[in-house]
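Visitor: Here is a sequence with its predicted model. Questions after.
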Amino acid sequence: MTANFRWLWLPGVALLVWLLYLLTPILAPFLVAMLLAYMGDPLVDRLQRFKLSRTMAVVLVFAAFSLILLALFVVLVPLLGRQLVRLYEVAPQLLDWLQQHALPWIQVQLGLPDGFWRLDHVKQALSGHVGQTGDILGMVLGKATASGRALLGWLTDVVLVPVVGFYLLRDWDQLMIRLRTLLPRRIEPVLVRLAGECHDVLGAFIRGQLLVMLGLGLIYAVGLSIIGLDLGLLVGLLAGLASIVPYMGFVIGSAAAVIASLFQHGGMELYPLLGVALVFAVGQLTEGMLLTPLLVGDRIGLHPVAVIFAILAGGQLFDFVGILLALPAAAVIMVMLRHANDLYKLSDLYQVPAEVPEDTREPE
């Protein structure tokens, strides 16, 4: 009976994976809420040390999160909205500049044939949209309200995330205890140790890397705005978001800032380009010497190529839900592969040398 029960795990796991695949469209708010609970649990635990109840600590953490989001919405969204409108308006002129100055220079340097660059259709499409409306927010709201079902689903997700996140955060410790009691007694110590290593990797990456992204986005946005780049806030936030993959934020942000500076100043102006280089140099030095050692440490172990592959694979397989699950799954897989490598090096397959036939041995 025991052996038969063991084999039941295989169809059980397959059924669980199949159900998760079917429920992918509704999993996003629950995963976001779980992420919020995971990030907020250390703060709640610290507040409980001051003799606060678990519920009161959760309320305080949620209130702090809400105030931060409200401040960002009040201060950041109007500024970002104006820059998006500005980008939408100058896009045709940017394409003209690319087609008349930047791309011909690249074409000459690379020896490309005439007519290689075809931006006329893109420019006409953008110009037509700009002529129809200059209000991006109105256009977005119009498309959103065109489908009442989509709008209702979006509002439901917005309401579900804080509600589910509150209850998960309040009962997080109890949920972890109950999950531990369900583990098979014989392998519980091994599973707990593996879960602890996964927690170290996930905690270091999720909490640390998000703070690094926030810090870099702030440095880039403020620095580019100080040197007078019109789209500095937008480019800085883009570079900060892209910093989820090491060095990608620097590459994407610096390239976008250089192109925006060349277009804004009409050519190769030395001082604006030096300002862009200085901003990104300060960002990289701050990240390498302060942000990453202080906030992330050396416990991640996720190679940049692994991060890129995990995000792309998750998005390809499960859309937005897959993107949310990609990095946690990659971290868990990395821990498992590390232990599999240790077990392999302890096995006879690795340690026992191959026997050499007697007739092929060299004479002594």
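Guide: Noted; the coordinates are in hand. Predicted model only: the values in this text are computed from it and were never measured.

Visitor: what sits against the residue nearest the centre of the chain?
Guide: For the chain, the residue nearest the mean C-alpha position is Ile244 (5.0 Å; Cα atoms, centre = their mean). When contacts are counted by Cβ atoms under 8 Å, 6 or more residues apart in numbering, Ile244 touches 209, 213, 307, 311. Every C-beta, even on glycine, is put in place using the N, C-alpha and C of the backbone.

Visitor: number of nearby residues for Ile333?
Guide: For Ile333, the neighbour count with other Cβ atoms under 10 Å is 13.

Visitor: Tell me how far it lies from Ser347.
Guide: 20 Å (Cβ to Cβ, to the nearest Å).

Visitor: related to what we said a few turns ago, model confidence score at the residue nearest to the centre of the chain, please.
Guide: Ile244 is assigned 76 on the pLDDT scale.

Visitor: what's the answer for Ala144, then?
Guide: pLDDT, Ala144: 48.

Visitor: Check the one 10 residues further on too.
Guide: Looking at Trp154, its pLDDT is 73.

Visitor: helix or strand for it, which one?
Guide: Assigned by DSSP states H and E, Trp154 belongs to helix 148-170.

Visitor: the inter-axis angle of the next helix or strand after that helix versus helix 148-170?
Guide: Sequence-wise, the next helix or strand downstream of helix 148-170 (DSSP H and E) is helix 172-181. On the basis of axes from the mean of the first three to the mean of the last three Cα atoms, to 10 degrees, helix 172-181 is oriented at 80 degrees to helix 148-170.

Visitor: In helix 172-181, which of the residues would be classed as buried?
Guide: Buried residues in helix 172-181, counting neighbours by 16 or more other Cβ atoms under 10 Å, are found at Trp172.

Visitor: May I see the buried residues of whatever helix or strand comes next after that helix?
Guide: Using DSSP H and E, the next helix or strand after helix 172-181 towards the C-terminus is helix 188-203. Residues of helix 188-203 classed as buried by neighbour count (16+ other Cβ under 10 Å): 194-195, 197-198, 200-203.

Visitor: by how many degrees do helix 188-203 and helix 172-181 diverge?
Guide: Using the same axes, to 10 degrees: helix 188-203 against helix 172-181 is 140 degrees.

Visitor: Point out the other helices and strands that helix 188-203 packs with.
Guide: helix 304-346 (3 or more Cβ pairs under 8 Å, 6 or more residues apart in numbering; DSSP states H and E).

Visitor: The helix it packs on vs helix 188-203, what angle?
Guide: 160 degrees.

Visitor: roughly how far is helix 304-346 from the heart of the chain?
Guide: Put simply, helix 304-346 sits 14 Å off its chain's centre (Cα atoms, centre = their mean, to the nearest Å).

Visitor: I'd like the mean pLDDT over the helix or strand that it is followed by, please.
Guide: Once the chain leaves helix 304-346, the next helix or strand it forms, by DSSP H and E, is helix 348-351. For helix 348-351, mean pLDDT is 74.

Visitor: List the contacts of helix 348-351.
Guide: Under Cβ under 8 Å, 6+ apart, the answer for helix 348-351 is 344-345.

Visitor: got it, and stretch 309-327?
Guide: 21, 24, 27-28, 31-32, 35, 205-206, 244-245, 302, 307, 329-330.

Visitor: how about 7 Å then?
Guide: Residues outside stretch 309-327 that contact it (Cβ atoms under 7 Å, 6 or more residues apart in numbering): 24, 27-28, 31-32, 205, 307, 329-330.

Visitor: for those, which one is nearest Ile259?
Guide: In terms of Cβ to Cβ, no member of these lies closer to Ile259 than Val307, at 25.3 Å.

Visitor: so who does the closest residue to that closest one other than its chain neighbours touch?
Guide: Closest residue to Val307 apart from its sequence neighbours, by Cβ to Cβ, 6 or more residues apart in numbering: Val245 at 5.0 Å. Listed by Cβ under 7 Å, 6+ apart, the contact partners of Val245 are 304, 307-308.

Visitor: are any of those residues buried, and which?
Guide: Val307.

Visitor: could I get the contacts of Val245 as TSV with pLDDT and distance to Leu337?
Guide: Output for the contacts of Val245, formatted as TSV (pLDDT from 0 to 100; distance: Cβ to Cβ, whole Å):
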residue	pLDDT	distance to Leu337
Pro304	70	17
Val307	75	15
Ile308	78	17
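
Visitor: Could you export the contacts of Val245 as JSON lines, including distance to Pro42?
Guide: What follows is those, written out as JSON lines (distance: Cβ to Cβ, whole Å):
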{"residue": "Pro304", "distance to Pro42": "26"}
{"residue": "Val307", "distance to Pro42": "23"}
{"residue": "Ile308", "distance to Pro42": "28"}
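
Visitor: quick one: which of the contacts of Val245 is nearest Leu98?
Guide: Ile308 (26.9 Å).

Visitor: Excluding covalently adjacent residues, which one is nearest to the closest one?
Guide: Val245 (5.7 Å).

Visitor: which SS state does the one you found fall under?
Guide: Under DSSP: H, G, I helix; E, B strand; the rest coil, Val245 falls in the coil class.
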